[in-house]
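Peer 1: Just the structure for this:
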Amino acid sequence: MKEHLSVLKHKLDRYMNYGSGPYRFPLSDMLQYVLEFASTKPTCVPPSPDSFSDVENRGTSGSDSLETVPSPQQSTVDLSVIETKFEEFPAQPAPHTITQEELQFIEGCLQRWRSEVEHDIRELKENIAKILCSIEQIYSHPVLSQVPYQLHAVLVHEGQAVAGHYWAYVYDHIRMCWMKYNDISVTESSWDELQRDSYGGQKNASAYCLMYINKNLPHLIAEHTDANPGQAVDGIHALPQDLKFYVEEDNLYFEHEVEEWLEEESCKIPAATSESQEFSSGTSEAPVSPSSQAARSLSSEHAVISKEQTAQAIANTAESFEKNGVEAALNDAFHEEYSRLYHLAKEEPISHNDPRLQHVLVYFFQNEAPKRVIERTLLEQFADRNLSYDERSISIMKIARARLKQIGPEDMDMDEYKSWHEDYSLFRKVSVYLLTGLEHYQHGRCREALTYLVYAYQHNSTLLMKGQNRGVDENIIALYRRKCLLELNEKAATLFESGDDSDVTEGLNLMNELIIPCMHLMINNDICQQDLDAIEVLRSRWCSYLGQDIDENLQQKLSEFLPRMLDCSAEIIVLKEPPKIRPTSPHDLCSRFAAVMESIHSGSAVTVT
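Peer 2: Below you'll find the model as predicted:
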């Protein structure tokens, strides 16, 4: 039908835009105009050709009259005569002469032709309207209208085929609004924003998948939910038996996986159920704010990381515990660990050792964190449930948890507390990324090393904005980031020069997926002169091919990706963050740090230039 519609529209256009010159008009209107011209009667007799020659003869005398300049008097006389003659022309165009028989014949032909043209145009428009109506109602047939569907989700991609970012819009039937799911961020959105992101044309993003649901199946809309947002109560029971078994088994596996992860990561938030009843005096505990929960989650993680040091501090209080009781033992352990970490933070740093990796409080001391943040953090170390080794540890843990409950919102800014622990968590992440990147580089794995080093530099820059001791030395990250970039760029160029299709593809993928995104991240942030020089080396290596006689296919591929390398503002390029690394103990992390730094400075594995 669409092909037939296109043919009919083309035919109609020939009628509505008729003519062979630059200006075209509807054919029926042109026939009407000709009919009006033929029917117009002249209002006066037109001048004869002799009158024009008479006017011309009055202004000339002899064969050389064209070279004679007429006097003003002669010009005035000639113009008046010409104006008089032109007044004899009719007021509107009309035939000079036309007989009655000619007029009747022309009127008959033009009226018949105009009627035929109008009939054809009318039929074309009617047929076009019928086809359009058929297309609009093609799915209105009862057989095709048995199941009502509605738009439920829209998946959006931003970027290109080789790199980009994805997010989704899902309609929340409980809130009656669209929700935007962008990585870990879930925010309320609108239909206007969804349209802007989905239609394309305005920016480098568009929808690539639309999901519809059957409105007759209410469990798909999840109108009935339990206390957990978005969890359908009876939706799973409407599934077929085999699918229901698969989903239940998968959910069970996921629950076990979460439990194992929580146990390994030790990020559990201290529960306030049975233990709160055990330590409280009958009063109910106030609800915990999200910021407080997040802060406790991070501080609990840092407590688990340092649990061996905390356990040793508790072990040193055995005599005090036997003589003076659990309260005195906790006080002694607290002050002993506080003093030890304070002096550790004041030690002169050396290149092979970073004491901040040993304990969160060393990081806090060196960055002059508020005393209330330091004391609460240390108290949480002793309140960690993972210290339940013996009766003494359990007793100290219970007293520490009771003291934590006595710290009210007016005594501690939990947002500030959370911020300090977030910084230390990011510091450890930067350190792990740096060490992992350097280890990969030492073993010749520049591709893996570069991603870790790039993100180590990005996160480290965030820390250094708050203070010099918040992060690590950015120069060493930048140095090996440049080394990896230059080596990978040379490898990609070598593969490109080989001319082999698979090698060329591998080389260009290396550039598009890793090197160019890294360049963009570097340029879009504060960049030092050494990095600028390195980027110029990268670009010059590829620009050198422009003056060479290379294969036409290679020339085409070069022209496609070279603009992306030269103009870092042309598009949004996203570099995938490296695989997450499980947290390691302070002992293991410090050992790795010492080994890598020693090999770097000794030159056994790499040479620093």
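Peer 1: what's the distance between Glu560 and Lys323?
Peer 2: 79 Å (Cβ to Cβ, to the nearest Å). Quick note: C-beta positions are derived from backbone N, CA and C, even for glycine.
Peer 1: Let me know the helix or strand that Asp411 is in.
Peer 2: For Asp411, there is no helix or strand it lies in under DSSP states H and E.
Peer 1: what kind of secondary structure is the residue nearest the centre of the chain in?
Peer 2: With distances taken as Cα atoms, centre = their mean, the residue of the chain nearest its centroid is His165 (4.8 Å). Under DSSP: H, G, I helix; E, B strand; the rest coil, His165 falls in the strand class.
Peer 1: partner residues bridging it?
Peer 2: Glu158 (DSSP bridges).
Peer 1: mind checking how far it is from Glu577?
Peer 2: Counting by Cβ to Cβ, the gap from His165 to Glu577 is 12 Å.
Peer 1: what's the answer for Thr97, then?
Peer 2: For Thr97, the distance to Glu577 - Cβ to Cβ - is 90 Å.
Peer 1: which one of those two has more residues nearby?
Peer 2: Glu577 (13 against 7; other Cβ atoms under 10 Å).
Peer 1: helix, strand or coil for that one?
Peer 2: Glu577 - assigned by three-state DSSP - is coil.
Peer 1: Which other helices and strands does the longest helix anywhere in the chain contact?
Peer 2: Assignment by DSSP state H gives helix 100-136 as the longest helix of the chain. The helices and strands touching helix 100-136, judged by 3 or more Cβ pairs under 8 Å, 6 or more residues apart in numbering; DSSP states H and E, are helix 2-16, helix 27-39.
Peer 1: Between those, which one is closest to Gly437.
Peer 2: For those, the distance to Gly437 is smallest for helix 2-16, at 55.9 Å, taking Cβ to Cβ.
Peer 1: how many other residues sit next to Tyr424?
Peer 2: So Tyr424, with other Cβ under 10 Å, has 26 neighbours.
Peer 1: could you check the distance from it over to Met414?
Peer 2: Tyr424 is 16 Å from Met414, by Cβ to Cβ.
Peer 1: What of Val7?
Peer 2: 72 Å.
Peer 1: and if you look at Tyr433?
Peer 2: 28 Å.
Peer 1: Quick check on those two: which one has the bigger neighbour count.
Peer 2: Set Tyr433 next to Met414 and count neighbours by other Cβ under 10 Å: Tyr433 wins out with 25 against 19.
Peer 1: how close does that one sit to Ser425?
Peer 2: In terms of Cβ to Cβ, Tyr433 sits 13 Å off from Ser425.
Peer 1: Equivalent analysis for Gly21, please.
Peer 2: 76 Å.
Peer 1: For the stretch 1-150 of the chain, give me the ranges with low pLDDT.
Peer 2: Low-confidence segments of the stretch 1-150 of the chain (pLDDT under 70): 42-90.
Peer 1: Least confident secondary structure element in the chain?
Peer 2: helix 274-279 (a mean of 37; mean pLDDT, DSSP states H and E).
Peer 1: of all the helices and strands packed on helix 100-136, which lies closest to Asp120?
Peer 2: helix 2-16 (6.6 Å).
Peer 1: which residue sits closest to Thr187 in space, ignoring its chain neighbours?
Peer 2: What sits nearest to Thr187 in space, not counting adjacent residues and going by Cβ to Cβ, 6 or more residues apart in numbering, is Lys180, at 5.2 Å.
Peer 1: and that neighbour, bridged to which residues?
Peer 2: Tyr169, Thr187.
Peer 1: got a list of what it touches?
Peer 2: Trp167, Ala168, Tyr169, Val186, Thr187, Glu188, Ser189, Glu193 (Cβ atoms under 8 Å, 6 or more residues apart in numbering).
Peer 1: Once you drop chain neighbours, what's closest to the second one?
Peer 2: Nearest residue to Ala168 in three dimensions, chain neighbours excluded: Tyr181, at 4.6 Å (Cβ to Cβ, 6+ apart).
Peer 1: Can you tell me which of the contacts of Lys180 are classed as buried?
Peer 2: Buried members of the contacts of Lys180, counted by 16 or more other Cβ atoms under 10 Å: Trp167, Tyr169, Ser189.
Peer 1: quick one: the last one and Ser206, what's the gap?
Peer 2: Ser189 sits at a distance of 16 Å from Ser206 (criterion: Cβ to Cβ).
Peer 1: hmm, back to that, list just the nearest of the buried ones among the contacts of Lys180 to Gly499.
Peer 2: Of the buried ones among the contacts of Lys180, the one sitting nearest to Gly499 (Cβ to Cβ) turns out to be Trp167, at 39.7 Å.
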